[in-house]
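Q: what's the 3D shape of this:
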Amino acid sequence: SVWFQWQADADALLIGIECFGVCGDADGDGDAGGTSAELAALGGVDEADFGGTEAVAVALDFDGDVASALPSFDAAVRVPWDAVLGVPAGDAEGAGAAPLD
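A: Numbers count the residues shown, from 1 in each chain. Predicted coordinates:
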């Protein structure tokens, strides 16, 4: 689920992401910083706090124009997202939101 709350006095849009389990828990075992035996057997690693290659992103389309660009299998197609929120891989400190041009 994605939750939105507008705070008019602060002119701020708050966005919350409800994860199923623990956000950043790659193997879904409830421990975001430990690799389960099942994941290890597949060659995977569950890094702590969105470490390594773990990442999350939510792209928002406020004006409904993304449907005109998707679906597409052309890597050159520029999808007109209005904002992207997320945590980049290996850099939980770099979490943020950015409006797109």
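Q: list the contacts of the spatially closest residue to Ile17 that is not a sequence neighbour.
A: Spatial nearest neighbour of Ile17, excluding adjacent residues (C-beta to C-beta, 6 or more residues apart in numbering): Val2 at 5.8 Å. In this view, the C-beta of every residue, glycine as well, is placed from N, C-alpha and C. By C-beta atoms under 8 Å, 6 or more residues apart in numbering, the contact list for Val2 reads Ile15, Gly16, Ile17, Glu18, Val58.
Q: how many neighbouring residues does the residue lying closest to Phe62 once chain neighbours are set aside have?
A: Distances taken as C-beta to C-beta, 6+ apart place Asp82 nearest to Phe62, at 4.6 Å, with adjacent residues excluded. Counted with other C-beta atoms under 10 Å, residues neighbouring Asp82 total 14.
Q: before we move on, the earlier item: just the pLDDT at the residue nearest to Ile17, thanks.
A: Looking at Val2, its pLDDT stands at 81.
Q: where does pLDDT dip in the protein?
A: Filtered on pLDDT under 70, the chain yields the residue ranges 91-101.
Q: so the residue nearest to Phe62 makes contact with Leu13?
A: No - counting by C-beta atoms under 8 Å, Asp82 does not reach Leu13; the two are 11.3 Å apart.
Q: what residues does the residue nearest to Val77 when sequence neighbours are not counted make contact with?
A: Spatial nearest neighbour of Val77, chain neighbours left out: Ala69 (5.6 Å); criterion: C-beta to C-beta, 6+ apart. With contact set as C-beta under 8 Å, 6+ apart, Ala69 has these partners: Val77, Arg78, Val79, Pro80.
Q: what about the residue lying closest to Ala83 once chain neighbours are set aside, how many residues close to it?
A: Computed as C-beta to C-beta, 6+ apart, the closest residue to Ala83 that is not its neighbour in sequence is Leu60, at 4.6 Å. Neighbour count of Leu60, defined by other C-beta under 10 Å: 17.
Q: and if you look at Asp9?
A: By other C-beta under 10 Å, the residues close to Asp9 number 5.
Q: that one in helix, strand or coil?
A: Of the three states, Asp9 takes helix under DSSP: H, G, I helix; E, B strand; the rest coil.
Q: could you measure from it over to Gly16?
A: Using C-beta to C-beta, to the nearest Å, one gets 19 Å for the distance from Asp9 to Gly16.
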